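have a look at this fold, sequence not included:
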């Protein structure tokens, strides 16, 4: 599938660039009727997962910017892009999560669990 996608993308659109993860970005050569702008898409280097698109290219894909942000220009507060970790061992789990012991700290306005039939 990736080979066919790359071939068709090259025929239907123009290659705009590649990110540091190897994803390739394309856009149509003309403004698309009914859209009012060019269509933009990505051919993923690995798993086709939307969170594999770094922020520099996300804005460009969604027409928020005309050109992708320079990958080398980063603000001190910007963190390195990480793909979505949901469902993996790296996922965020708060202290009350079942995998973290299932016990949470009591609070002043704590609740009492509902039990059917009571």
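That came through fine. All values derive from a computational prediction rather than experimental measurement. Numbering: from 1, shown residues only.

count the neighbours of the nearest residue to residue 54 once chain neighbours are set aside for me.
Among residues not flanking residue 54 along the chain, residue 81 sits closest, at 4.2 Å (C-beta to C-beta, 6 or more residues apart in numbering). The way it works is simple: take the backbone N, C-alpha and C, and place the C-beta from them, glycine included. Neighbour count of residue 81, defined by other C-beta atoms under 10 Å: 17.

wasn't residue 81 part of a helix?
No. Remark: residue 81 does not belong to a helix; assigned using DSSP: H, G, I helix; E, B strand; the rest coil, it is coil.

that one and residue 58 touch, don't they?
No. Counting by C-beta atoms under 8 Å, residue 81 sits too far from residue 58 to count as a contact (9.3 Å).

name the SS class of the most centrally placed residue in the chain, please.
For the chain, the residue nearest the mean C-alpha position is residue 51 (2.2 Å; C-alpha atoms, centre = their mean). Under three-state DSSP, residue 51 falls in the helix class.

and the pLDDT at the closest residue to it other than its chain neighbours?
Counting by C-beta to C-beta, 6+ apart, residue 84 is the residue found nearest to residue 51 once chain neighbours are left out, at 3.8 Å. With respect to pLDDT, residue 84 scores 81.

pLDDT below threshold where in the protein?
1-11, 32, 34, 71-72, 118 (pLDDT under 70).

quick one, strands of it?
Counting by DSSP state E, the chain has strands at residues 13-18, 24-28, 40-43.

mean neighbour count added to the ones you listed, as CSV?
Rendered in CSV, the data for the strands of the chain read as follows (neighbours: other C-beta atoms under 10 Å):
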stretch, mean neighbour count
strand 13-18, 14
strand 24-28, 19
strand 40-43, 17
